[in-house]
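**Q** what follows is a predicted protein model with its sequence.
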Amino acid sequence: MLNKRSELFRSLFVLFIFLALCWAFQYGDILGLRPRIFHVFRQADCLSLTDNYYHGNWNFFQPSLHILFSDNQTTGKSAGEFPLLYYFVAILWKIFGKHEYIFRLVTIGFSLAGMYALYKLVYAILKDYFWALASAVLLFCSPIYAYYTNNFLVNVPAFSLMLIALYYFYLFWQSGKNKHFYICMALFLLAGLFKISSLLSFVVIGVIYLAEVSKLVRFKKEGLVFSQPRKQLFPFLIVLVGVSSWYLYANYYSNLHGGKYTYNGTASYWSETKAERKGAYDSVKEFMLYQIYSVATFVYLIACLIILAINFHKISMIWRITIPLLLLGYTTFIMLFFYSLNGHDYYHIDFLLIPVIINLAFLHYLSVNEIWALKSVSLKVFFSFFILYNVLYCSNNMHMRYWQTADDEKLYRQVFAPKTDLDLWNWYAWSYPNGSLEQVTPTLRAMGIKRDDVFLCPNDESFSIHLYLMDQKGFTNMQGALVDSAAISTRIRNGAKYMEVSDTTTLNEPRLRPYIHHEIKRFGNLRIYDLSPYKVDIKS
């Protein structure tokens, strides 16, 4: 009974620390915000899929967006990642009302579960509560992890499911019970359906299976990890078949209807021009590295890696295989998706597993070979200050991402961020153009404009930003769909009723000039134009 109470207390303390970090990262102020600032493009896609389920399209296997780019420009049917999260949030909206903060809370819940699983995993290996909690907090101090935890993308849920899967794999490793292995593989299946890149650790486990079955490597002093290899092969196959089946269906569905909102191909290093490669290198140097972790954390991780390399013969076989495979996997990903280095920070969330494993492998090495260091009070105090610095670093990054930094704050902010990073986030906050779009929907409904009345959004070069924020079906200028007056004329002929212009400096463009004579509403920086008279002109 005492042990159960003690474990409950520690679990509640982990929850308290998680909530404290949420407070430090200003989640309370962010919860009520619409999708905005960085990668609002992808956020709007996720919310658009959710919203279309919510508005009555309850066929799980027929996801759709607001943009009418499918079925001869009459529907938004398209599929990418497995839409279970979007479907689940749509059900919650149906029960509690459409509130975007519900989506954010669901994603935060996944993150808490993943962080708790990491805490349990590290404690199970090290038997030290301090290092278990510190390891989990260090993960949360990655700015990309903290930012997308309170967001609408599936990357953090997929990563969290992967962490939980790894915890169950450890239980299986220790006990040999197949039930733990089956749970592990079920979690990997769901993680892979959400984001296929989250299967990197699944691949590592597959290599461990093959190495042991082939009798190339022995991982345990007594017994085998996979004592029933034929029976235990089946769950691996289910994961591979399940994930492959969905993505084959998604490709079939999107091709059938003719619209694709995801890019599933590669853009490798070798296909990039010299200028594009330089842009990627500059992005890494001036932006990307600071979004993954603080410089101090990179120094710590590199030091851990060097010590592990020097003492390679002393570390456990599991780390000797896992770390090189993870590094090789990440390198392969970078070479195949080189464009991801150019500002696409969320692509790299799944690879936060690498610092997690390097840190865990280093602490495990200390627990086996230098136990005095792991138990050192001085080292724990020093590491506590290191964690505190990272909390402040991440909190500073979160503030810069959402709010423009005042002049009298800039000196303080630059303690935790280089000037290039501060200037970039300031520019994003200053130039954010969608404030009016976030609030215009009630006004449109009051004007008698229905959700299915087709809008043209010539200033939007995404699939979903303007259409989702207004909650209107229609067309954007994605991939030049409204590039000239002829394209706009075609959309009007096919049923477009209204045009929304958010950048008034474009009103003199030749493509827009013929269609701005019937303004019906001004709302902030928005101009709404009636296109019905032009439909008559086109027909005549």
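**A** Structure received. Quick caveat: nothing in here was measured; it's all calculated off a predicted structure.
**Q** low pLDDT regions in the chain?
**A** Scanning the chain for pLDDT under 70 picks out 1-2, 264-266, 430-431, 536-540.
**Q** ranges for the helices of the stretch 1-150 of the chain?
**A** Along the stretch 1-150 of the chain, the segments classed as helices by DSSP state H, counting those that start in this stretch run 2-24, 27-30, 40-54, 84-96, 100-126, 129-140, 143-149.
**Q** for the fifth one, packing partners?
**A** I take that to be helix 100-126. If you count contacts as 3 or more C-beta pairs under 8 Å, 6 or more residues apart in numbering; DSSP states H and E, helix 100-126 packs onto helix 2-24, helix 40-54, helix 84-96, helix 129-140, helix 143-149, helix 155-175, helix 353-369. Heads up, the C-betas are built off the backbone N, CA and C, glycines and all.
**Q** gap between that helix and the chain center?
**A** Mean C-alpha position of helix 100-126 versus that of the full chain (C-alpha atoms, centre = their mean, to the nearest Å) differs by 14 Å.
**Q** buried residues, it. List them.
**A** By 16 or more other C-beta atoms under 10 Å, the buried positions in helix 100-126 come out as 100, 102-104, 106-108, 110-112, 114-123, 125-126.
**Q** same deal with the fourth one?
**A** Buried positions in helix 84-96, judged by neighbour count with 16+ other C-beta under 10 Å: Leu85, Tyr86, Tyr87, Val89, Ala90, Leu92, Trp93.
**Q** now that helix against helix 100-126, angle please.
**A** Interaxial angle of helix 84-96 relative to helix 100-126 (axes from the mean of the first three to the mean of the last three C-alpha atoms, to 10 degrees): 130 degrees.
**Q** distance from helix 84-96 to the middle of the chain?
**A** With C-alpha atoms, centre = their mean as the basis, helix 84-96 stands 19 Å off its chain's centre.
**Q** what's that helix packed up against?
**A** Here helix 84-96 touches helix 40-54, helix 100-126, helix 178-194, going by 3+ C-beta pairs under 8 Å, 6+ apart.
**Q** which residues does it contact?
**A** The contact list for helix 84-96, computed with C-beta atoms under 8 Å, 6 or more residues apart in numbering, reads 46, 49-51, 53-54, 60, 63, 99, 102-103, 106, 154, 157, 190, 193-194.
**Q** for the longest helix anywhere in the chain, packing partners?
**A** Across the chain, the longest stretch assigned as helix under DSSP state H is helix 229-257. On a contact count with 3+ C-beta pairs under 8 Å, 6+ apart, helix 229-257 meets helix 178-194, helix 200-213.
**Q** could you identify which of these is most buried?
**A** With neighbours taken as mean count of other C-beta atoms under 10 Å, the helices and strands packed on helix 229-257 reach their highest mean count in helix 178-194, at a mean of 22.
**Q** only alpha carbons, please: show stretch 301-314 as CSV.
**A** Presented in CSV, the C-alpha positions along stretch 301-314 are these (Å, rounded to 0.1, in the frame of the first residue of the first chain):
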residue,chain,number,x,y,z
LEU,A,301,24.4,15.8,-26.4
ILE,A,302,27.6,16.0,-28.4
ALA,A,303,29.6,15.5,-25.2
CYS,A,304,27.4,12.5,-24.4
LEU,A,305,27.9,11.1,-27.8
ILE,A,306,31.7,11.5,-27.7
ILE,A,307,31.9,9.7,-24.3
LEU,A,308,29.7,6.9,-25.6
ALA,A,309,31.9,6.6,-28.7
ILE,A,310,35.1,6.5,-26.6
ASN,A,311,33.6,3.8,-24.3
PHE,A,312,31.9,2.0,-27.1
HIS,A,313,33.0,-1.4,-25.8
LYS,A,314,31.5,-0.7,-22.4
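**Q** and stretch 107-127, how far from the chain's centre?
**A** Averaging C-alpha positions (C-alpha atoms, centre = their mean) puts stretch 107-127 18 Å from its chain's average.
**Q** against Ser395, how distant is Leu171?
**A** 34 Å (C-beta to C-beta, to the nearest Å).
**Q** typed the wrong thing, it's Lys179
**A** The span separating Lys179 from Ser395 equals 40 Å under the rule C-beta to C-beta.
**Q** Ile37 now?
**A** As for Ile37, its distance to Ser395 is 16 Å (criterion: C-beta to C-beta).
**Q** nearest spatial neighbour of the residue nearest to the spatial centre of the chain, chain-adjacent residues omitted?
**A** Most central in the chain under C-alpha atoms, centre = their mean is Asn155, positioned 3.2 Å from the mean C-alpha point. Leaving aside its sequence neighbours, Asn155 sits nearest to Ile349 (C-beta to C-beta, 6 or more residues apart in numbering; 4.3 Å).
**Q** now do the same contact list for that neighbour.
**A** By C-beta under 8 Å, 6+ apart, Ile349 lies in contact with Ile144, Tyr145, Tyr148, Asn155, Val156, Phe159.
**Q** what about the fifth one, how many neighbours?
**A** Think Val156. Neighbours of Val156 under the rule other C-beta atoms under 10 Å: 27.
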